[in-house]
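Trainee: Let's see this in three dimensions:
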Amino acid sequence: MPIARASIAGRFGLRFPVDEQGDFLLEPGASFVTLRLEGMLRGCIGSLRPSRPLLHDVKANAQAAAFEDPRFRPLDAGELSVTRIEVSVLSPLAQIAFTAEDEAAAALRPFEDGVVLVWREMRGTFLPQLWETFPQPCTFLRQLKRKSGLAADFWADDIELYRYTVDKWSEPS
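Mentor: Purely as a prediction, here's the structure:
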């Protein structure tokens, strides 16, 4: 989605003409923008629930992924041309019903579900693309717990899981 690249380029004073027309861009939407440099993650920031028009959400998340992801230093102008951008637009969240961890893992749909894990103040999400890295549901769930700040073997009866799917646009490598 060129809108993300144009938003980042604008921070460097670069003009990148892009078509921002389309009724779907004016509808509330939730997106994640993922940046990759030489195939490695360089930033990923997003929204789980729609709170603004998709156009504004993509622009804001693109800039946040480039300049505010706490795991990385801000992107510099020289990196922009070799950075590949992926935009994922999320479906609404749907709660997953389960009574135990093995049931929760069995309820996941590999390579289809993005998953949000919530336990008290702890929270994390994996986009469906992370199934490529963690293809087994039990491993996916363990790694999501770690990302959420929990131990991989942690479990509590009040953990909540939500699923979503994505429509994604990726720039060619």
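Trainee: Please make it C-alpha for all contacts and neighbour counts, starting now.
Mentor: OK.
Trainee: Looks to me like Leu141 is in a strand.
Mentor: No. Counting by DSSP: H, G, I helix; E, B strand; the rest coil, Leu141 falls outside a strand, being helix.
Trainee: where does it land on pLDDT?
Mentor: Leu141 carries a pLDDT value of 98.
Trainee: pretty sure it contacts Ala105?
Mentor: Yes. Counting by C-alpha atoms under 8 Å, Ala105 is a contact partner of Leu141 at 6.6 Å.
Trainee: more crowded one of these two?
Mentor: Neighbours were tallied for Leu141 and for Ala105 using other C-alpha atoms under 10 Å; the higher tally belongs to Leu141 (24 against 18).
Trainee: measure stretch 35-49 end to end?
Mentor: 21 Å (C-alpha to C-alpha, to the nearest Å).
Trainee: can you pull the buried residues of that stretch?
Mentor: 35-37, 42-48 (16 or more other C-alpha atoms under 10 Å).
Trainee: quick one: which of those sit in helices?
Mentor: Assigned to helices by DSSP state H, none of the buried residues of stretch 35-49 qualify.
Trainee: Return the subset of those lying in strands.
Mentor: Of the buried residues of stretch 35-49, the ones assigned to strands by DSSP state E are 35-37, 42-46.
Trainee: In the buried residues of stretch 35-49, find the pair that's most separated.
Mentor: Across the buried residues of stretch 35-49, no pair lies farther apart than Leu37 and Leu48, at 24.2 Å, counting by C-alpha to C-alpha.
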